[in-house]
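1. I would like the atomic coordinates for the input below:
(2 chains)
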Amino acid sequence: MTKILAVDDSASMRQMITFTLKSAGFDVVEASDGVEGVSQARQHKCDLVLSDVNMPNMDGIAMTRELRTLPDYKYTPILMLTTESGLDKKTEGKSAGATGWIVKPFKPDQLLNTIKKVLG
Amino acid sequence: MTIELSQFFQVFFEESFEGLDVMESGLLSLDPSNVDNEMINSIFRAAHSIKGGSATFGFASVAEFTHVLETLLDEVRSEIRGMNPDMVDLFLQSVDCLRELLEGLQAEVPVDGARADGLRQKFEAILGVSTDAVASETGEVEPVAIGWQINMVGGEDILRSGNEPIRMFTQLSEMGELTITTDFSRLPAFNALTLESCYLSWQLTLMADNVTRADIDEVFEWVVDECEIAIEPIMDESLPVAAEQVEATEAQALEEDAPVSDDASAAQTGLAVPQTQKKAEPGSIRVDIDKIDTLINMVGELVITQSMLGQIGADFTFDKVSKLQEGLQDLERNVQVLHESVMQVRMLPISFTFNRFPRMVRDLSRQLNKKIDLVVKGEQTELDKTVMEKIGDPLVHLLRNSLDHGIETPAERVKAGKPETGVVSLNAFHQGGNIIIQINDDGAGLPKERILAKARKNGIIGPDVVLSDEQINDLIFQPGFSTAEVVSDVSGRGVGMDVVRRNVQELGGHVSVKSEEGVGSTFSISLPLTLAILDGQLVRVGNQVYIFPLVSIVESLSVGMNQVSTVAGACDLLRLREEYIPIIPLYDAFGIEPDSRNLEKSLIVVVESENTKVGLVVDELQAQQQVVIKSLETNYQSVEGISGATILGDGTVSLILDIGGIVTIGQSAAPMQIKAA
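-> Numbering: from 1, shown residues only, chains lettered A, B, ... in the order given. A predicted model of the protein is given here:
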């Protein structure tokens, strides 16, 4: 089963994302900040990473940079969850190695469509 | 598939309220002239989370309002803009406003948006933008294309970021008929090839007449900066090309120089709080996982003990009696530890209640034009969640009192030789089986003469009665007692000290005050940690058995008459080392016939409450045991000196003494406590 790592410091967002993904048949691993995200990524071989940008301890961009140094995650799709006003975050994310982004707020269906696009 | 988002609302509300608390305490601790970067970042993140969540879950009003907050916070944290006290005020008011909006949404009660709009305009004035701008009109007439020609030179690094061109092409192929020509010309020699690099280029032709430029852009949106992408529409030659008309009216930025004015405070008190018809909240509590693990361990032990006892009982012979007793002792220990652990689960640090006070002190001291610092100690001290919820209002009242009547104005303080800024300190700590909460101020102290005069005027005490300082101060807890000349808006709302005392007593606690004129006052609240079970000492007086809380017992002794002094008009005093302690014969207080009225044939149990001791005369000390407290009030009525009742092992009812109440009775019978010379 396809495994997705969902990283966000907001519990309600994590719950919503996990529920949406699980209902669509994905396996989900959660983390609440970048540090936990890297740790989870190491423990579980994930096929896709979804991450919020603004988080305590380690933000989404630093986490992306870190993940790209891990052999299992060199080409794994990493999507940033970013607000529309965060244009500079998009470019920053990309230069850290992120695959792309999903604009917040998003509906569950939009999330699934984007993920399906990326996973093929 | 439709996902029902409402199932996440409760979590969203809870985390948003927590986020607002973070924002508030962060804002209060900010020094505008030297903004701590970590602090402003955490405030920003809290606002950002609330904005994201509210937008995701469909709470547009909250999202819009939070957006301006977040924008300004972002400028501050990026150091584009500095902070000043007026901005902090504005942010604090916005926190209040957001709380109101969220509470309304949670209770499904409509909230007037005027306050939010007013605050938002002030933010926009600072930011120099206006969202009341005329929306830009783009009257773009897009030419109808029957297809698209896309030429893409793959950026070398796109594969390294997990972007696969083939995915994008698959997407395109779903929109229409796609033909691809791949250009390999940039491929280097084999030994110069790096697997992770992209050297290819493509010419893509998509035939579809319902695909817009925006649709194509979306497919390549993530790689558009790294690749060279040229997108051209393929026109149907037979159709005339419509002229592109782009009309855009620019948003007019209204430049208001309106400073953040003081009518902000009017907005603060003006809005009516929505009548909180909160839906019956089940009430939840966040528990440290360690506490749960302890519980699980304890239950494990209990299971082991139970099975051991089960074994003994299954095939019982009398020689196993000692094993049985051992097992029962183990059981008792297990239950006790389990009980303590369970009570721990319900306990939370008092910081949850203390957290609202810095804000209150700040707002009130500004309102009263006084300079007041709040010092908080012991905020990690834990107490039962329900007790904490109920002690909140009494604490607010006592604190307001200190701020309003206790601490003097800066001018008065300077005249009295005190520093201009008054200090109010909150302290909480465990003592015996209780939690003690103290509110101390270095203000004017209780005005004894005025209190005495008022008490005499109200007929609470007779004109000739002499009272000790402590007894005078205690008078403020009498009903209807407020010596404030003008009932101020701050504290004299008819919620008197008597209500505070009653609320505290209902929780099984006590409140008292120590004060010195010109120096300050300290209010102490003592509350039991566990409401339901007590370690008790069984005591017999005559044919009745009473329970003394074990924590209140200092010592028990038999006395000789040479240790006892008789004071005319008051009770006997026991000389115990350095102190004289009032002796209270319980048989008189309770109207029972004792074994003997001869003090030398009885026992005296010295008990203590809030540093005051009395000696209670009893006939016999019996066992110590854990006792389940049953409320007397619910089953009968509240009785002074009795805190509850219980049923003993033999089925009889035993009354539990309220030592604090007994001590008070004892004090009134013996106005002076003389220290031995």
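
2. Show the pLDDT at residue 56.
-> Answering for chain A, as no chain was given. At A:P56, the pLDDT value in this model is 90.

3. Wait, chain B was what I had in mind.
-> B:T56 carries a pLDDT value of 90.

4. do the same with B:L531
-> At B:L531, the pLDDT recorded in the model is 62.

5. which element is the residue nearest the centre of chain A on?
-> The centre of chain A sits closest to A:L50, judged by C-alpha atoms, centre = their mean, with a distance of 1.3 Å. Using DSSP states H and E, A:L50 sits within strand A:48-52.

6. Pull up the pairing partners for that strand, direction included.
-> Here strand A:48-52 is paired, per DSSP bridges, with strand A:3-7 (parallel), strand A:78-83 (parallel).

7. Excluding chain neighbours, what is closest to the residue nearest to the centre of chain A?
-> Once flanking residues are discounted, A:L50 sits nearest to A:A6: 4.9 Å by C-beta to C-beta, 6 or more residues apart in numbering or on different chains. Placement of C-beta: from N, CA and C, glycine included.

8. Name the residues that touch stretch B:537-553?
-> For stretch B:537-553, contacts defined as C-beta atoms under 8 Å, 6 or more residues apart in numbering or on different chains pick out B:432-434, B:534-536, B:586-587, B:590, B:592-595, B:605-609, B:616-625, B:627, B:643, B:646, B:648, B:652, B:654-657, B:659.

9. Buried only: go through the residues you listed for me.
-> Listed as buried from the contacts of stretch B:537-553 are B:434, B:534, B:536, B:586-587, B:590, B:594, B:605-609, B:616-619, B:625, B:627, B:643, B:646, B:648, B:654-657, B:659; burial here means 16 or more other C-beta atoms under 10 Å in any protein chain shown.

10. rewinding a little: so what's the residue nearest to A:L50 up against?
-> Listed by C-beta under 8 Å, 6+ apart, the contact partners of A:A6 are A:14, A:17-18, A:21, A:28-31, A:50-51.

11. Any chance of those in a markdown table with pLDDT and secondary structure as columns?
-> Formatted as a markdown table, the contacts of A:A6 follow (pLDDT from 0 to 100; DSSP: H, G, I helix; E, B strand; the rest coil):
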| residue | pLDDT | secondary structure |
| --- | --- | --- |
| A:R14 | 94 | helix |
| A:I17 | 94 | helix |
| A:T18 | 94 | helix |
| A:L21 | 94 | helix |
| A:V28 | 96 | strand |
| A:V29 | 96 | strand |
| A:E30 | 96 | strand |
| A:A31 | 96 | strand |
| A:L50 | 96 | strand |
| A:S51 | 95 | strand |
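
12. Just the CA trace of the very next helix or strand once past the strand holding A:L50, in PDB.
-> Using DSSP H and E, the helix or strand that follows strand A:48-52 in sequence is helix A:60-68. Backbone C-alpha positions of helix A:60-68 (Å, rounded to 0.1, in the frame of the first residue of the first chain) are rendered in PDB as follows:
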ATOM      1  CA  GLY A  60       9.100  22.300   6.200                       C
ATOM      2  CA  ILE A  61      11.900  23.700   4.000                       C
ATOM      3  CA  ALA A  62      14.700  22.600   6.300                       C
ATOM      4  CA  MET A  63      13.100  19.200   6.500                       C
ATOM      5  CA  THR A  64      12.900  18.900   2.800                       C
ATOM      6  CA  ARG A  65      16.600  19.700   2.500                       C
ATOM      7  CA  GLU A  66      17.300  17.100   5.200                       C
ATOM      8  CA  LEU A  67      15.200  14.400   3.500                       C
ATOM      9  CA  ARG A  68      16.900  14.900   0.100                       C
END
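
13. for helix A:60-68, packing partners?
-> Applying 3 or more C-beta pairs under 8 Å, 6 or more residues apart in numbering or on different chains; DSSP states H and E, one finds that helix A:60-68 contacts helix A:34-43, strand A:48-52, strand A:78-83, helix A:87-96.

14. Try it again at 10 Å.
-> strand A:3-7, helix A:34-43, strand A:48-52, strand A:78-83, helix A:87-96 (3 or more C-beta pairs under 10 Å, 6 or more residues apart in numbering or on different chains; DSSP states H and E).

15. which one of these lies closest to B:Q563?
-> Closest of those to B:Q563 is helix A:34-43, at 67.4 Å (criterion: C-beta to C-beta).

16. near chain B at all, the closest one?
-> No - with C-beta under 10 Å from any C-beta of the partner chain as the threshold, helix A:34-43 lies outside contact range of chain B, at a closest distance of 12.7 Å.

17. Could you export the strands paired with strand A:48-52 as TSV, including mean pLDDT?
-> Below are the strands paired with strand A:48-52 laid out as TSV (pLDDT from 0 to 100):
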stretch	mean pLDDT
strand A:3-7	96
strand A:78-83	90
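
18. ok so B:I285 is a strand residue?
-> No - checked against DSSP: H, G, I helix; E, B strand; the rest coil, B:I285 lies outside a strand; its state is coil.

19. correct me, but the residue nearest to the centre of chain A touches A:K3?
-> No - A:L50 is beyond contact range of A:K3, at 11.7 Å (criterion: C-beta atoms under 10 Å).

20. list the residues that contact both of the two?
-> A:21, A:28 (C-beta atoms under 10 Å, 6 or more residues apart in numbering or on different chains).

21. And for the closest residue to chain A within the stretch 251-400 of chain B, the neighbour number?
-> Using C-beta to the nearest C-beta, B:R286 is the residue of the stretch 251-400 of chain B that sits closest to chain A, at 11.2 Å. Here the number of neighbours of B:R286 (other C-beta atoms under 10 Å in any protein chain shown) works out to 8.
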